[in-house]
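Chemist: Dropping a prediction and its sequence here:
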Amino acid sequence: MIIMSVDFGDSRTGIAVCGKSELIASPVTVIHEKDFDKCIEKTAALAKEQRAEEIVVGYPKNMNGTIGERCEKCALFAEKLGELTGIPTKLWDERCTTVSAHNYLNDTNTRGKKRKAVVDAVAAVIILESYLGYRKNNPDM
């Protein structure tokens with residue numbers, strides 16, 4: 001199944017996708033959009049372009065597992081994206097993905113403007129890899 005992941009942000013939204021084999025998550029792009037509705041429209045267009053069969057939106061719970069304002073915004077984003085595309089859309093716990101993305105970029109010595117341009121796409125890859133790992137270990141889902 002082709003699955004697209006979204007790391008939604010107020011200014012930048014990272015997008016990653018995996019192919020039908022569900023083996024490798026690859027970064028696609030970062031959407032630079034501050035307008036909530038326009039970001040949903042651009043994300044929907046990418047989902048159709050990538051022929052996504054499922055969309056996973058990062059759900060940034062607090063470290064203690066509680067849900068805050070950011071989670072609510074991501075849940076609304078996922079709901080509207082699902083309505084617009086007709087593609088099944090799920091929320092996926094993304095705690096620490098941005099920190100992990102920064103660590104990966106440290107390992108590759110990616111700095112400055114280039115780092116800022118790709119960190120959200122890397123976070124989307126981490127979200128998708130986590131989700132794919134779960135699917136692999138839970139084939140009944």
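Modeler: Now that the structure is in, tell me what you want to look at.

Chemist: so where's this protein uncertain?
Modeler: 63, 95-119, 141 (pLDDT under 70).

Chemist: same thing but 90
Modeler: 23, 60-71, 93-126, 129-130, 133-141 (pLDDT under 90).

Chemist: those strands in the protein, which residues are they?
Modeler: 3-7, 12-18, 25-32, 54-59, 89-93 (DSSP state E).

Chemist: Including distance to L81 and mean neighbour count, could these go into JSON lines?
Modeler: No exception for glycine: its C-beta is placed from N, CA and C like everyone else's. Output for these, formatted as JSON lines (distance: least, C-beta to C-beta, whole Å; neighbours: other C-beta atoms under 10 Å):
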{"stretch": "strand 3-7", "distance to L81": "7", "mean neighbour count": "29"}
{"stretch": "strand 12-18", "distance to L81": "11", "mean neighbour count": "25"}
{"stretch": "strand 25-32", "distance to L81": "12", "mean neighbour count": "18"}
{"stretch": "strand 54-59", "distance to L81": "6", "mean neighbour count": "24"}
{"stretch": "strand 89-93", "distance to L81": "5", "mean neighbour count": "18"}
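
Chemist: JSON lines for these, including distance to C71?
Modeler: Output for those, formatted as JSON lines (distance: least, C-beta to C-beta, whole Å):
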{"stretch": "strand 3-7", "distance to C71": "14"}
{"stretch": "strand 12-18", "distance to C71": "16"}
{"stretch": "strand 25-32", "distance to C71": "20"}
{"stretch": "strand 54-59", "distance to C71": "6"}
{"stretch": "strand 89-93", "distance to C71": "8"}
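
Chemist: Out of those, the one nearest K48 is which?
Modeler: Closest to K48 of the strands of the chain, according to C-beta to C-beta: strand 3-7, at 10.0 Å.

Chemist: Isn't S11 up against H32?
Modeler: Yes. Counting by C-beta atoms under 8 Å, H32 is a contact partner of S11 at 6.9 Å.

Chemist: thinking again about what came up before, quick one, which of the strands of the chain gets closest to K73.
Modeler: With C-beta to C-beta as the criterion, K73 lies closest to strand 54-59 of the strands of the chain, at 10.4 Å.

Chemist: Check the separation of the first and last residues in stretch 77-91.
Modeler: Its start and end residues considered, stretch 77-91 measures 10 Å (C-alpha to C-alpha, to the nearest Å).
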